[in-house]
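Novice: Sequence and computational prediction follow.
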Amino acid sequence: MVGILASRWWIVFACACGLVVGTGSVVIFTFGVFLKPVTDDLGISRGDLSAALGVSAWLTALAGLIVGWLIDRWNARWIMLPGILLFALSIASFGLMQAQPLALIFLIFSTAGFIGGVQTPIPYAAVVSRWFDRQRGLALGLTTAGVGLGVVLIPQLAAFLIGRFGWREAYFGLAIAVVALAWVPVAIFVREPRLPGVTGAGHTAEVPGIDAWSALKTWNFWALSIAFFLGVLAINGTIVHIVALLTDRGIALQLATAALSAAGIAIIIGRIVCGWCLDRYWGPYVAACFFILPMLGIALLGSGWAYAVPLIGAALCGAGIGAEIDLMAFFISRYFGLKSYGKVYGLMFILFNFGTGGGPALSGKAFDIFHSYSQIFIVYEVALAVTCILLARLGEYSYPVHAVTTARGDSARVITT
């Protein structure tokens, strides 16, 4: 028993390390740090570069569906190891961007976005969900907290590398970080348990859950998908532009980046606290509470107040997005089971990633038109209010803990390979 418990928590550690340099941390959350240096050097608008990021995020969403299908059919480790190396190469290619043709920038972002499907929470959450049941909320919270740690560390690393070497070399440095923090831990620790109905070629009906097509026909699937889309649209659209917003107000780059780090710290805390709560309280109420926080955060950021207010606003936004990935991974397992976990996650992740990329692109276009973020912040507040309403209307879990766990605990149906 001790050996099994120890080994599966090491898997959580490895998955958390991998998400430190996931697509969100490396591509999305460093975007605000690279935004001004890249646009100033290449002479392109914030809207154009934000649009390229949006296309990248949308392709990541589509790739997530493919990754989900692959990990339902094959061992996730076989998909992750080559995928992480390709992702590192795609990040290095950002350093090759030129002002003309603009299509080249979109191609580089698009390639990184598509390959980045393997560095989303989909494969990591699938592996962890198969190892845990009774403590699934906490395990997923600790795993996805890696994204929060990435938001704290990776933008600061990017800012340091930009200041020391330049933005092109900074992208090369991030590629090295991907190999060191994702590929190495996954290679050493990540493997999958032998669950009932799981073979090297896929899952059978013995695994609890419904197929992806049946999930698509349920109210819960669409309520969750739309809620998470609106939530991430609002929160990412705010957080990604925090550095630019604050430097526009005359705040120094390092201090503005500290606000992004505050969001990252809140993501870590939010995901762990959210995971702990999900194991003890009804998830939809937990979710609604965590989406009220970014509503307050956006209001503070839009107020224009100085001193510690931007840090508090960024932290509240971070707490919301910190809970979001954890909530999605947890709700999929409880409402749809593990049989087609990767496919269902991939389908939901498509709409989610439309919001991930659409929010920053929408904020960039709004700034180009109004030269301010105030108008788009009003839209985001409404979106978050709708999110809370949708989540509060979810029904009881279809696959609660006792449906897949015996009195002996999580490891009762786990046989290590």
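Specialist: That came through fine. Here the structure is a predicted model, which means the values were calculated and not measured.

Novice: use CA for all of it now, contacts and neighbours both
Specialist: OK.

Novice: Okay, now the unreliable bits of the stretch 151-300 of the chain?
Specialist: Scanning the stretch 151-300 of the chain for pLDDT under 70 picks out 194-207, 260.

Novice: So which residues of the stretch 101-250 of the chain form helices?
Specialist: 102-115, 121-131, 136-164, 167-178, 184-189, 212-216, 219-239, 242-248 (DSSP state H, counting those that start in this stretch).

Novice: helices or strands up against the longest one?
Specialist: So that's helix 136-164. With contacts taken as 3 or more CA pairs under 8 Å, 6 or more residues apart in numbering; DSSP states H and E, helix 136-164 sits against helix 2-20, helix 31-42, helix 121-131, helix 167-178, helix 253-278, helix 309-336.

Novice: one step back: let's have the helices of the stretch 101-250 of the chain in CSV, adding mean neighbour count and distance to Leu351.
Specialist: Below are the helices of the stretch 101-250 of the chain laid out as CSV (neighbours: other CA atoms under 10 Å; distance: least, CA to CA, whole Å):
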stretch, mean neighbour count, distance to Leu351
helix 102-115, 20, 15
helix 121-131, 25, 14
helix 136-164, 25, 19
helix 167-178, 21, 26
helix 184-189, 17, 27
helix 212-216, 16, 13
helix 219-239, 24, 6
helix 242-248, 20, 23
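
Novice: Which among these is found nearest to Ile268?
Specialist: helix 136-164 (4.5 Å; CA to CA).

Novice: Leu42: neighbour count?
Specialist: Leu42: 13 surrounding residues under other CA atoms under 10 Å.

Novice: just checking, it touches Gly95?
Specialist: No. Counting by CA atoms under 8 Å, Gly95 is not a contact partner of Leu42; they are 11.9 Å apart.

Novice: Can you say which of the helices of the stretch 101-250 of the chain is nearest to Pro310?
Specialist: helix 242-248 (8.1 Å).

Novice: Now do that closest one: which elements does it pack against?
Specialist: Judged by 3+ CA pairs under 8 Å, 6+ apart, helix 242-248 is in contact with helix 31-42, helix 253-278.

Novice: now that helix: how far from the chain's centre is it?
Specialist: The chain centroid and the centroid of helix 242-248 are separated by 22 Å under CA atoms, centre = their mean, to the nearest Å.

Novice: Please apply the same query to stretch 127-138.
Specialist: 18 Å.

Novice: Show the end-to-end separation of that stretch, please.
Specialist: 14 Å (CA to CA, to the nearest Å).

Novice: What's the mean pLDDT across that stretch?
Specialist: Across stretch 127-138, pLDDT averages out at 83.

Novice: next one: stretch 26-33
Specialist: 84.

Novice: and if you look at stretch 352-370?
Specialist: Averaged across stretch 352-370, the pLDDT comes to 81.

Novice: Could you do stretch 47-62 as well?
Specialist: The average pLDDT for stretch 47-62 rounds to 83.

Novice: Stretch 86-93 too?
Specialist: In the prediction, stretch 86-93 has an average pLDDT of 94.

Novice: Check the gap between the closest residue in space to Gln98 that isn't next to it in sequence and Ser110 for me.
Specialist: Spatial nearest neighbour of Gln98, chain neighbours left out: Leu42 (6.6 Å); criterion: CA to CA, 6 or more residues apart in numbering. Using CA to CA, we find Leu42 at a distance of 18 Å from Ser110.

Novice: before we move on, what about Leu157?
Specialist: Separation of Leu157 from Ser110 (CA to CA): 23 Å.

Novice: cool, and Ala256?
Specialist: For Ala256, the distance to Ser110 (CA to CA) stands at 28 Å.

Novice: what's the answer for Val309, then?
Specialist: 36 Å.

Novice: Then Ala329?
Specialist: 25 Å.

Novice: same check, this time on Ile272
Specialist: 32 Å.

Novice: give the contact list for Ala348.
Specialist: To be clear, residue 348 is Met; Ala isn't right here. Phe221, Ser225 (CA atoms under 8 Å, 6 or more residues apart in numbering).

Novice: any idea how far whichever strand or helix holds it is from the chain center?
Specialist: Remark: Met348 resides in helix 341-370, with elements defined by DSSP states H and E. Offset of helix 341-370 from its chain centre (CA atoms, centre = their mean): 11 Å.

Novice: What of stretch 32-49?
Specialist: When C-alpha coordinates are averaged (CA atoms, centre = their mean), stretch 32-49 and its chain have centres 23 Å apart.

Novice: buried set for that stretch?
Specialist: Within stretch 32-49, the residues that count as buried by 16 or more other CA atoms under 10 Å are 32-39, 45-49.

Novice: Using TSV, please lay out those together with distance to Asp279.
Specialist: Below are these laid out as TSV (distance: CA to CA, whole Å):
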residue	distance to Asp279
Gly32	35
Val33	36
Phe34	38
Leu35	39
Lys36	42
Pro37	44
Val38	44
Thr39	45
Ser45	46
Arg46	42
Gly47	42
Asp48	43
Leu49	41
